[in-house]
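In: here's my sequence, what's the structure:
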Amino acid sequence: MIVIFLQTPAYRDTVQGCDDLGTFEAFTDRVLAGYQSYVDALSPLRAEIAHVGMAYRHVRQTNVDLWRRLYAPDDFHPSPHGTWLQACVLYYSIWGAHDRPPLRYSAALWKSTRYFAPNAEQDGNDDDRLPAFPTTDEAMLLADVAWKIQCEYSQTKTGAEHDGADGGGNDPSPNANL
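Out: Purely as a prediction, here's the structure:
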């Protein structure tokens, strides 16, 4: 049995009333430390972290515009972009990053999706207030981030035990040719 904790991402820096949580970076570090304490407490079992927060951090450091699109308008919850990134991180956390088929993405994924967006109009007359779905390029970029994060953390935390990274860190992304 494997226990997987999904590390939630930090709130955006602009969230009012959350000053005690610190900056995005400090909040991310605190959340990671908290989840690591859970993993340590379960050391007799196999417990791991799905590093969603670290994936959000990576996107923030490399593509701020895309990072902003990871959040719903309330700056707490994930948008469709953030939901896709979380799904990719969880996928690679469960299956490992190597010797697995690359993730495939189709805009059709969202055709039957219902929005749960604060202040979104339900009558369909105010589509501008609903967050956009990821484009294929954005989705593949986010899948690549998830893959990189899984490779990085499976090497540093569990090494050869994990059926993910081989320790080399030089494998090309499985989505690079898409």
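In: quick one: residues contacting residue 137.
Out: Shown in contact with residue 137 (C-beta atoms under 8 Å, 6 or more residues apart in numbering): no residues. To be clear about C-beta, it is placed using only N, CA and C from the backbone, and glycine gets the same treatment.
In: now it: how far from residue 89?
Out: 19 Å (C-beta to C-beta, to the nearest Å).
In: could you list the low-pLDDT ranges of the chain?
Out: 14, 99-103, 107-131, 155-178 (pLDDT under 70).
In: go again using 50 as the cut-off
Out: Across the chain, residues meeting the criterion (pLDDT under 50) sit at 120-123, 125-127, 158-172, 176-178.
In: for whichever helix or strand residue 139 is part of, buried residues please.
Out: Per DSSP states H and E, residue 139 falls inside helix 136-153. Neighbour counts over helix 136-153 (16 or more other C-beta atoms under 10 Å) mark 138-153 as buried.
In: surely residue 3 forms part of a strand?
Out: Yes - counting by DSSP: H, G, I helix; E, B strand; the rest coil, residue 3 falls inside a strand.
In: ranges for the strands of this protein?
Out: With strands called from DSSP state E, the chain shows them at 2-6, 46-50.
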